[in-house]
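**Student:** here's my sequence, what's the structure:
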Amino acid sequence: MQTQVKKPISQVPIQRIERSDALPPPRFRYSPAVRVGSDVYVSGLVGLDPATGALADATAAGQTRQILRNLQALCAEQGWSLERIVLARVYCAGPAAAEGMNEVWSEFFEQLALPARTFTVVQALPLGAAVEIEFQLSI
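**Tutor:** Alright, predicted model coming up:
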């Protein structure tokens with residue numbers, strides 16, 4: 001029986017994804033995604049259209065749909081599987097946004113394994129967004 005020796009955390013490679021054709025360019029100073037070994041951390045996504053950089057829709061449902069499209073495109077670009085999403089942190093600007101977000105969420109994850117999820121209602125989000133979601137994948 002072989003034992004697998006894990007690398008010390010200081011030796012695990014870190015890859016910062018600074019630009020992606022799947023996402024609009026960051027408006028602030030951050031990496032849209034960071035890979036540490038087999039873990040991927042995707043920064044909070046709002047429903048921006050990658051072509052225009054503007055919110056794709058005024059509704060929480062439409063913004064959630066765009067967020068999930070952007071995540072899907074990022075995963076395809078990087079060779080990651082959506083099945084490997086292990087955690088999502090969802091932020092909605094007010095309780096009314098939750099209904100539209102949850103409706104689209106259920107449709108999207110109908111054929112996928114459900115990740116763990118934290119849901120928080122906040123007073124406001126950047127750029128006037130109704131929804132922001134950050135993701136963690138284990139690839």
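
**Student:** what is the nearest residue to Gln78 once chain neighbours are set aside paired to in the beta sheet?
**Tutor:** Of all residues not flanking Gln78 in the chain, Ile17 sits nearest, at 7.1 Å (CB to CB, 6 or more residues apart in numbering). The C-beta positions use only the backbone N, C-alpha and C, and glycine is treated the same way. Counting by DSSP bridges, Ile17 forms beta bridges with Ala33.

**Student:** for Tyr30, see how far away Ile17 is.
**Tutor:** 11 Å (CB to CB, to the nearest Å).

**Student:** those two: which is more packed in?
**Tutor:** Ile17 (18 against 12; other CB atoms under 10 Å).

**Student:** pretty sure that one is touching Pro32, no?
**Tutor:** Yes. Here Ile17 reaches Pro32: they are 5.7 Å apart, a contact under CB atoms under 8 Å.

**Student:** ok, back up a step: please name the residues that touch the residue nearest to Gln78.
**Tutor:** Ser31, Pro32, Ala33, Val34, Arg35, Gln78 (CB atoms under 8 Å, 6 or more residues apart in numbering).

**Student:** am I right that the first one is in a strand?
**Tutor:** No. Using DSSP: H, G, I helix; E, B strand; the rest coil, the assignment for Ser31 is coil, not a strand.
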